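[1] coordinates for the following, if possible.
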Amino acid sequence: MERLLVKTGIYGFIVSLALGILFIDTTGTRQQRGGYTFYEKDGMEYILDLLRFSIKITIVCMIVALFYTWYRKRNREK
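    The predicted structure is shown next:
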């Protein structure tokens, strides 16, 4: 079980990082005086957005893997 969770965490982080690079925009918006302003994110802000996204997806994947192993153990006992 521990091995499955570690593999899920590592692979989930790598895949979510790749997806984040594809889908997270490098531009942001701010609301100012009744309108919106677009700005280019600097490198650190973009990297933090990528890491935040990847960590959230990794945690969700690990929780799903934990419930999956729990469900399989429960069905084997029956």
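[2] and the longest helix seen in the chain, what does it pack against?
    Determined from DSSP state H, the single longest helix within the chain is helix 43-77. Judged by 3 or more C-beta pairs under 8 Å, 6 or more residues apart in numbering; DSSP states H and E, the packing partners of helix 43-77 are helix 2-23. All C-beta spots, glycine's among them, are computed from the backbone N, C-alpha and C.
[3] list the contacts of Y36.
    T29, R30 (C-beta atoms under 8 Å, 6 or more residues apart in numbering).
[4] how near is it to G12?
    34 Å (C-beta to C-beta, to the nearest Å).
[5] for the longest helix of the chain, buried residues please.
    Y46, D49, L50, F53, S54, I57, T58, C61, M62, A65 (16 or more other C-beta atoms under 10 Å).
[6] how about the second one: what's its closest non-neighbour residue?
    When you say that, I think you mean D49. I24 (5.5 Å; C-beta to C-beta, 6 or more residues apart in numbering).
[7] following the lowest-mean-pLDDT helix or strand in the chain, which helix or strand comes up?
    Within the chain, confidence by mean pLDDT, DSSP states H and E is lowest for strand 27-32 among all helices and strands, at a mean of 87. The helix or strand immediately downstream of strand 27-32 is strand 35-40, counting by DSSP states H and E.
[8] tell me where the chain is predicted with low confidence.
    Applying pLDDT under 70 to the chain flags residues 78.
[9] cutoff 90 now
    1-2, 4-5, 25-34, 36-39, 72-78 (pLDDT under 90).
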